Structures are given as structure tokens and as C-alpha cells.
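# Pasting the sequence and the predicted model now:
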Amino acid sequence: MGCRECGSVFNVPMTSVTSGMVDSGFWIQKYIGRGDVSEVFIAQQTSNKEKIFMKFLSPAVSGNNQAADSYISQLLVSRQFQHPNIIPALDSGMMSEHPFIAFAYVDAHSLNDLIHDEGPMEEKDALKIIIKATRPLRYVWEEFNTVHGAVKPSNIKVDDDGNVFLIDFCNNKRLLAAGGITLDGMNHSGTVADFMSPEQAKGFNELDCRSDIYSLGVTLFYLLTGQTPYTGTDTTQILEQHLSAPVPDILEHNTEISDDCVDLIYDMMAKDPDERILDWVELGSRIKPLLKRGKVGSQTNLDMLVEESKSSKKPVIIALVIIGFLLGMIALALIVGKKDPLPTPPKKPNTQSKIKKPKVIGTEIRSGKKKNTAPKKNTSPKKNSAPKNRTTIPRTIIQKVNAQTRRANSDPRYIIKAIRNLKVLRDKVETDNDKKYIDQEIKQLEAKQKKAMEDAFKDIDKAPEPEAPKK
């Protein structure tokens, strides 16, 4: 909460649990943060001295037995997950009349805290974390047909070795379905709606992996800008934007992001799940090429956090190279020292001072002779350069069109759908220039579709006639 007079931000405790309490076999050691419906502490089990995370539900949830039971039972589902990047729930119980869920302890920082402390990430740093987060999400979807349901920076943790962990596998819609609880009542952290997919905003109880892909796309937007794409005075306004507002131009917040990464975010955050990246395999195949090329992220603490474990071998290799170099220099010095000294060569007359040195001005050298100083024309094509007729087209429209044409080029089965999507986009744009640009792309796809149909009929005509049955 914030003070209206001075603007100071402060937290109002959700529960009566405080650091130092010892109850029900647990010693509460440290408050570490709050979620939408809970407060989280680091605690120690008095029986075996092991550290754990303890999540205490807020009165908005704990006061509704049906909602609390549904929420806890879903969180406990993660006990069956056997994946190194999932922080599983261990048990549940009551302390000081507050229901709690205990989780395995991992010494890691949430992405929320990292962005708060160090600001937005470099593109490669963020993509490394995102692709690592897809591994446990793919595992639970393919093995258990389960979605996370609450993918957001506070539920993704990174340790000092670059390992990424997910916590809190739950769908907040379960709480709303129980009745008596509203989104605003759950919004203690102020972020309950910031990372929800349009399907969640509509109230769909049956979600698939594309819902988590959308939320992970919003998370990527946040990692690169330090801001969520949509803001509002209440959760309803934010949810309405998830449903209908276009994805904001991320380049207005961070101009260093590559075009391919911008396209990736648009494809992850498509409103219609059918237009979104289809599954975790496709998402991984889109991210990997971006990590293999382009600018390398800066060597900050964040970059060190996401380095692969094999990088720990680099100091040893460097040390061996330096030692080898020094030994070689010593050996060379010993060999040279044994030889007779060379006679001093006779001095040559210094005629160099008579030669007038050419003046170097930038890249042009002037030594008395006239040179053609006209700039050379660069005939090599620029990478990802747009045609002249696109120079006045808004970047966001070009990116949306490129997303459709690229997918149609990679999958001919998508051409018809891409044409339909581009026609919808054409009807939404305002200027004739934008409409003309989209029409050109539609005509190219229609020509490609027509050629594909003609080729298919040619193949049919060339097919051999079936042999007549033998009598």
C-alpha cells in the first residue's frame, strides 16, 4: 500500500505470523515477500533443522473453507512432479489459525527481486532464463496434462549457478470458482491480473499450454523493460486490455531489442490461442536461434546468474594458458642468452625526416595527389532492411504482418489462416497507406496459395492410372 500524503510504500501484514515464532514444529525465521493471496516466510523444521518455504494464506482465502481447500489441494499436486527445476509442495497444515503450505527450500532469487534491484535485462540474459523456464513447464504439460496457471516473475527463481526454478503450480480461477472471492480481493500484491492470459480473463477453467505461453511472453516483456505491458487502476481494466488491447510497442521502452525477439513476444502474446505459438517445442525452436547470434548480454551479475555450469571450467583453462605462455617465454630467454651478441649495425643516414608524411583525416589520406573522395556506394543488401514502401508504415504493423507471412512460409497449411488474419488487420488500420501495404502482402500469399493448388492438381494429373483388375 502507499501513503496518499507522502507517497511512501509500506506493507500491511496479511496474517499474524511474524519472524521468530515457534509453533507446530516450525521456527519462522524470515519474511521474504507476499503473493496475491499469501505471505511467504523462510522457516526451519525443529525436528530435522531443514529450511523450507512456508506460504500462509490471507484471510480473503482462509476465511472461505471451500476456496482454501481447493487452492491447497491444487498446490499439493506438485508433490508428484519429479523435475529438478520444480520446487515441490511438501505438506500443509495450520499455524496460529492460518492455513499454510510448506515448500522445499532453494537458495534463489525471484525474477521480481532481480529486476527491482538491477533493472531490465539484456536480451540474451532474458532469453536464457525463458528457455530454461520452458523445461519444467513442458514436463508438466506433456507428462501430466497440467498447466502452471500462474506464470509470472515472482514464481520464477534463479540461483547463483544459473539454475531456474518454478514454484506455485496453481490456477487462481479455482479460487474464484469457489465463490465469495473476487479478483480484487485476491489482489494483495497488485499483480494478480498483470500476467493472466486472455483465456483466464474470460474465465476458462480448461486451459492448455498456450495459456502459460502467453503469461511467459508477458514475463519476457517485463524482463526486457522492467514494466508490465498493461496498467490500470483496478484488475478489471487490466484484464480488459489482455482481452482486446494490442500488445504495446516494446521498442518504446527498450530500443536494443532485436526484431526477431519483438516478433517472438508478439507471437507469444497473441490474443487468439490459435494464432499463438502452439506448444513448448515450437517456443524452444524459436528461442534457440536468437541465443546463437546477435549481441551478447553484458557481463553483469544477471549474466553470471544465467551462465551454464560448464563456464566454471574457464578460469582453470585460462590459468593453464598463462602458465604455458610464461614457461615458453622463459625457455626462449635462455636460448637467446646463450648466443653470441650480434654486432651493432652501422647507422644509416636519417633521410626519413625529409619525407613529408601524409595527413590522415578520418579515413581519407592526402599526400599531394588528388583522390576520388566520393563515398562508395554500398551495394550489399542490408539485413532485415525494409522496402522503400514500408518506411512510413508503423513498426508494429510491419511486425504483425511479418509474423503471419513468416508462419505461412514455414507451414503452407497456415496460408489460408494467415490471409484471413491479415484481412482482419487491414480492416482495423486507419490510413490508406497501411491498408495498401497489407493488401500487397495478402496478394502475395494468395498467389502462393494459387500456385500450391495448381501444383497439387498437376501432381494428380501425373499420377498413373490404376490398373484394371485382372480377370
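Arrived safely, thanks for sending. As the structure is a computational prediction, the values presented were derived from the model and not from experiment. Numbering: from 1, shown residues only.

# show me the contacts for residue 220.
Listed by C-beta atoms under 8 Å, 6 or more residues apart in numbering, the contact set of residue 220 reads 126, 127, 130, 264, 265, 268. Every C-beta, even on glycine, is put in place using the N, C-alpha and C of the backbone.

# nearest to residue 229, of these?
Nearest to residue 229 among the contacts of residue 220: residue 265, at 9.0 Å, using C-beta to C-beta.

# Check which helices and strands the particular helix or strand that has that closest one in it is in contact with.
Assignment of secondary structure by DSSP states H and E places residue 265 within helix 259-268. Taking 3 or more C-beta pairs under 8 Å, 6 or more residues apart in numbering; DSSP states H and E as the contact definition, the neighbouring helices and strands of helix 259-268 are helix 209-225, helix 280-292, helix 395-410.

# Would you mind checking which of the contacts of residue 220 is nearest to residue 394?
The nearest member of the contacts of residue 220 to residue 394, counting by C-beta to C-beta, is residue 265 at 16.4 Å.

# Need the per-residue pLDDT for that closest one.
pLDDT, residue 265: 97.

# How about residue 147?
Residue-level confidence at residue 147 comes out at 93, pLDDT.

# just the strands in the protein please.
Counting by DSSP state E, one finds strands in the chain at the ranges 22-23, 26-34, 38-45, 51-57, 89-95, 98-104, 109-110, 156-158, 164-166, 359-361, 364-366.

# Dump those strands to a markdown table, plus distance to residue 436.
As requested, these are arranged in a markdown table below (distance: least, C-beta to C-beta, whole Å):
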| stretch | distance to residue 436 |
| --- | --- |
| strand 22-23 | 70 |
| strand 26-34 | 52 |
| strand 38-45 | 53 |
| strand 51-57 | 55 |
| strand 89-95 | 56 |
| strand 98-104 | 56 |
| strand 109-110 | 47 |
| strand 156-158 | 43 |
| strand 164-166 | 45 |
| strand 359-361 | 46 |
| strand 364-366 | 43 |
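
# so which of those comes closest to residue 322?
Nearest of the strands of the chain (C-beta to C-beta): strand 156-158, 31.5 Å.

# Give the rounded mean pLDDT of that closest one.
For strand 156-158, the mean pLDDT works out to 97.

# pull the helix or strand with minimum mean pLDDT from this structure.
The element with the least model confidence among the helices and strands of the chain, by mean pLDDT, DSSP states H and E, is strand 364-366, at a mean of 41.

# which residues does the nearest residue to residue 394 once chain neighbours are set aside contact?
In this structure, residue 394 finds its nearest non-sequential neighbour in residue 434, 7.1 Å apart by C-beta to C-beta, 6 or more residues apart in numbering. If a contact means C-beta under 8 Å, 6+ apart, then residue 434 has 393, 394, 397, 426 as its contacts.

# Now for those: which two are most distant?
In terms of C-beta to C-beta, the contacts of residue 434 reach their longest pairwise distance at 394 and 426, which sit 13.6 Å apart.

# Endpoints of stretch 266-278, how far apart?
13 Å (C-alpha to C-alpha, to the nearest Å).

# With stretch 108-128 instead?
According to C-alpha to C-alpha, stretch 108-128 extends 16 Å from its N-terminal end residue to its C-terminal end residue.

# just to revisit the earlier point, buried residues in the helix holding residue 265, which are they?
Of the residues in helix 259-268, those buried by neighbour count under the rule 16 or more other C-beta atoms under 10 Å are 260, 261, 262, 263, 264, 265, 266, 267, 268.

# Verify the stated contact: the second one with residue 123.
So that's residue 261. Yes: using C-beta atoms under 8 Å, residue 261 is in contact with residue 123, at 5.6 Å.

# Between those two, which contacts overlap?
Looking at what touches both residue 261 and residue 123 (by C-beta under 8 Å, 6+ apart), the common residues are 224, 290.

# so how far is residue 268 from residue 216?
In this view, residue 216 and residue 268 are 7 Å apart by C-beta to C-beta, to the nearest Å.

# oh, I was asking about residue 135
If you go by C-beta to C-beta, the gap between residue 135 and residue 268 works out to 16 Å.

# Now do stretch 136-144: everything it contacts.
Counting by C-beta under 8 Å, 6+ apart, stretch 136-144 makes contact with 80-81, 83, 85-86, 146-148, 151, 165-166, 169, 208-209, 212, 216, 279-281, 284, all of which sit outside it.
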